[in-house]
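[1] Turn this into a model:
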Amino acid sequence: MIKTDIIIIGAGPVGLFAVFEAGLMKLKCHVIDITSNPGGQLTELYPKKPIYDIPGYPKILAGKLIENLLEQAKPFKPGFTLGERADSLKKVGEYFEITTNLGTKLKGKVIFIAGGLGSMEPRKPKIELIDKFERKGIEFYVKDPETYLDKKISISGGGDSALDWAIYFSKKSKHPINLIHRSKSFRANKDSVEKVFELNEKRKLNLYLDSEVVSINGKNDYLNSLFVKDRSGNEYNLKTDYWFPLFGLVPKLGPLGHWGLEIDKNAIKVDNTNDYSTTKKGIFAIGDINTYEGKLKLILCGFHEATLAVHGAYKYIYPDKKKNLKYTTIQGVTGF
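    The predicted structure is shown next:
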């Protein structure tokens, strides 16, 4: 059982900044996220896209912003449970207990829901037997890349995530990587696209354009091949140990919608006049997942919400203890 002061659901920019603000108040945090890396949408969907409305940065790449937030939170030693979704919630004494979809159990005095647009579920292709082979050769996230380096890998997708992983595995894997994309053009960063074509020419990567996986096969309950067809009618049978269909993420409120919180149009209603607390004491919602009159879905607004929520959490955990605000320009940043 993982024990902490604040369990943060969502490892996006707002959740990561909440770790820093909580650390300043000497509150420890553990972060849960269904994606395989911290950063939420910024990492999974557009790590190389510029953001222009972060104070002090005329322009910063999304991935770099996440790097900076992780570095900022580092002194406070947050824990991370990645590749898992917060499923069930119960109150036991002064603690909330959360169990993930993979059975990991956590207990915390306060819950921060910072899940962006909700639980970012993978967009799954509609192919027969796909559920049968999930986690038995079909993975929607790359959680521990080193474990796949001696395997035959196929990746589907045309965005940044698909190409970045194809390039990564092409450089380290024992076998050429199969990259399958349903179009002739990619949505990914130009440099990544050029690199993929270069790796294809060097035969470190097999590129299948205008192509889709139409069926899958397995042996002993594990995936072993993909049947691919292109628009010209050509067919390919690809021997595969692991297939990563990386078609992006679909926002869903998911199990959070059954936790007894007040929901309005797939968002969690909060008290924005005080500390962004929900209708359940001890549970706060910050960032894009919350709603209130005048709500703006901006990262900088999420940072503001995280700061006030941390102060609200401190009051909830220590109702009889007064905490004076001390500026970092005076006291600096002292980690755990």
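
[2] got a list of what I138 touches?
    Residues near I138 by Cβ atoms under 8 Å, 6 or more residues apart in numbering: I130, I216, L223, Y242, W243, F244, P245. Any C-beta I mention is one placed from the backbone N, CA and C, and that applies to glycine too.

[3] What's opposite it in the beta bridge?
    E134, W243 (DSSP bridges).

[4] Check the gap between it and D221 for me.
    12 Å (Cβ to Cβ, to the nearest Å).

[5] repeat for H304
    Applying Cβ to Cβ, the value for H304 to D221 is 50 Å.

[6] And for S170?
    29 Å.

[7] Output the below-cut-off pLDDT ranges for the stretch 201-336 of the chain.
    251 (pLDDT under 70).

[8] hey, where'd the strands end up in it?
    Assigned by DSSP state E, counting those that start in this stretch, the stretch 201-336 of the chain shows strands spanning 205-208, 211-219, 222-230, 235-239, 242-245, 249-252, 263-264, 267-269, 283-285, 290-291.

[9] which ones are touching K171?
    So K171 contacts K204 (Cβ under 8 Å, 6+ apart).

[10] now it, what's its secondary structure?
    Secondary structure, DSSP: H, G, I helix; E, B strand; the rest coil: K171 is helix.

[11] D191 now?
    In three-state terms, and counting by three-state DSSP, D191 is helix.

[12] what about it, distance to L163?
    Note on D191: its distance to L163, by Cβ to Cβ, is 10 Å.

[13] Of those two, which one has the most company?
    Neighbours per residue, other Cβ atoms under 10 Å: of D191 and L163, the larger number sits with L163, 24 against 11.

[14] give me the element the more buried one is part of.
    In this structure, L163 sits in helix 160-172 according to DSSP states H and E.

[15] Report the contact partners of the closest residue to L308 other than its chain neighbours.
    Counting by Cβ to Cβ, 6 or more residues apart in numbering, L308 lies nearest to D275, which is 5.1 Å off, once chain neighbours are set aside. D275 sits next to F284, L308, A309, H311, G312, A313, K315 when contact means Cβ under 8 Å, 6+ apart.

[16] Restricted to helices, list these.
    L308, A309, H311, G312, A313, K315 (DSSP state H).

[17] Can you flag the buried ones in these?
    With burial judged by 16 or more other Cβ atoms under 10 Å, the buried subset of the ones in helices among the contacts of D275 is L308, A309, H311, G312, A313.

[18] Adding distance to A114, write the residues you listed out as JSON lines.
    Shown next, in JSON lines, are these (distance: Cβ to Cβ, whole Å):
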{"residue": "L308", "distance to A114": "13"}
{"residue": "A309", "distance to A114": "9"}
{"residue": "H311", "distance to A114": "16"}
{"residue": "G312", "distance to A114": "14"}
{"residue": "A313", "distance to A114": "12"}
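
[19] surely K3 meets K109?
    No - counting by Cβ atoms under 8 Å, K3 does not reach K109; the two are 9.4 Å apart.

[20] Quick check: neighbours shared by the two?
    Y95.

[21] Show me which of these two is the more surrounded one.
    Neighbours of K3 and K109, each counted by other Cβ under 10 Å, are more numerous for K109; the result is 20 against 15.

[22] ok, the more buried one - contacts?
    D5, I6, E94, Y95, F96, G282, Y316, I317.

[23] Inside helices: which ones of the residues you listed?
    Going by DSSP H, the helices hold Y316, I317 from these.

[24] out of the contacts of K109, which is most surrounded?
    Going by other Cβ under 10 Å, I6 tops those with 27 neighbours.

[25] who's that residue bridged to?
    According to DSSP bridges, the residues that bridge with I6 are C29, V110.

[26] distance of it from T104?
    Distance from I6 to T104, by Cβ to Cβ: 17 Å.

[27] do V213 as well
    Relative to T104, and taking Cβ to Cβ, V213 is found at 31 Å.

[28] more crowded one of the two?
    V213 (23 against 15).

[29] List the contacts of that one.
    P125, I127, S154, S156, I180, L226, F227, V228, W243, P245.

[30] Could you check how far it is from F169?
    In terms of Cβ to Cβ, V213 sits 17 Å off from F169.

[31] Check N178 too.
    N178 is 10 Å from F169, by Cβ to Cβ.

[32] Which neighbours do the two have in common?
    Shared contacts of N178 and F169, defined by Cβ under 8 Å, 6+ apart, comprise I153, I155.

[33] State the number of residues packed around L300.
    14.

[34] right, and it touches D53 too?
    Yes - the pair L300 / D53 is scored as a contact, 6.2 Å apart, by Cβ under 8 Å.

[35] Spell out which residues make up each domain of the protein.
    2-121+250-331, 124-247 (automatic domain parsing).

[36] from those, which stretch is densest packed?
    domain 2-121+250-331 (a mean of 18; mean count of other Cβ atoms under 10 Å).

[37] Give me the distance between the two termini of it.
    One end of domain 2-121+250-331 sits 30 Å from the other (Cα to Cα, to the nearest Å).

[38] how distant is that domain from the center of its chain?
    12 Å (Cα atoms, centre = their mean, to the nearest Å).

[39] I appreciate the help and will end here.
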